[in-house]
Structure formats: C-alpha cells, structure tokens
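In: starting from these lines, generate the structure:
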Amino acid sequence: MVYLDTHVAIFLYQKDKKLFSKQALEIIEKAESLVISPLAVLEMDYLREIGRLGAPGREIFEYLAGRIGLLLDTERIAAAIDQAAKLSWTRDVFDRLITAQASLTESLLLTKDRKIQENYPKAVW
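Out: Sure thing, here's the model as predicted:
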C-alpha cells in the first residue's frame, strides 16, 4: 500500500509526468494499491477555496479512482488524529494528519515535501 500526498494526487490529475521523479513514477506503476486520505481530499477543497486548484477534491479523487484505482482510506481517521498529536515537526495540520495516517500501517508515503521526508522514514520521492 502506498499513500499519496495531496500534491501527488493533483499531479496525477493534471497528467504531467514531468512533475514526478523517476523513482516516484516507478513506485506508482509497481504499487499493489494506491491510497489517499480523506484529509488530502479536504486539503484539495481548501486549495480550491483559496484559488490554487480548479477542481473539487472529490472530483479529483473520483477521477483517479476510475483511472488508476485510487482508494480512499476512511478506516483510520480517529487513530490518525491521535497519532498526529504526537508529531511536532510541523504546524501544517494536513501534513501531520496525512503522515500520521500513513504511519499507522507503516506504509510508504509518496511526497515531494522535504519536511515530511526528513521526519517520516517511509516518505519517498
């Protein structure tokens, strides 16, 4: 199982492979399952509200679910909130929650975010 950070789902929706590292593309192609947190979908809605994204999060998720089989992990939200409370390396609530949710299953988290990479050992790009 590979979790996708918010921007990774957006990059996939935009269909621009130039935005990905070679390793990231290989991970996406070889993953048994690609998963996104509902918190990432919420973050996409936030980005739309502030004018940085044109489509709603749910639309992006549904497109990717149909196109690449992206799954939504709704089972671990409460546990992710508890886990995120232990992460003090960022004030970004979305980064904390998405990382916490991936960590609950010790899954890879595909992210370009350097701060996440420095603080979550299974973050890759």
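In: report the buried residues of the least confident helix or strand in the chain by mean pLDDT.
Out: When the helices and strands of the chain are scored by mean pLDDT, DSSP states H and E, helix 77-84 comes last with a mean of 94. Across helix 77-84, burial judged by 16 or more other CB atoms under 10 Å covers Ala80, Gln83, Ala84. Where C-beta positions appear, they are placed from N, C-alpha and C, glycine not excepted.
In: now do the helices in this structure.
Out: Assigned by DSSP state H, the chain shows helices spanning 6-14, 22-30, 38-49, 57-68, 77-84, 93-104, 114-119.
In: tell me what the least confident helix or strand of the chain is packed against?
Out: helix 38-49, helix 93-104 (3 or more CB pairs under 8 Å, 6 or more residues apart in numbering; DSSP states H and E).
In: ok, back up a step: out of the helices of the chain, flag the one nearest Trp125.
Out: helix 22-30 (5.5 Å; CB to CB).
In: grab the nearest non-local neighbour of Ala31.
Out: Once flanking residues are discounted, Ala31 sits nearest to Val2: 4.3 Å by CB to CB, 6 or more residues apart in numbering.
In: next: Ala40.
Out: Thr6 (4.3 Å).
In: still on that earlier bit, just name the most buried of the helices of the chain.
Out: Across the helices of the chain, averaging neighbours per residue (mean count of other CB atoms under 10 Å) puts helix 93-104 on top, at a mean of 23.
In: quick one: contacts of stretch 49-67?
Out: Outside of stretch 49-67, the residues within contact range by CB atoms under 8 Å, 6 or more residues apart in numbering are 9-10, 12-13, 36, 40-45, 47-48, 70-72.
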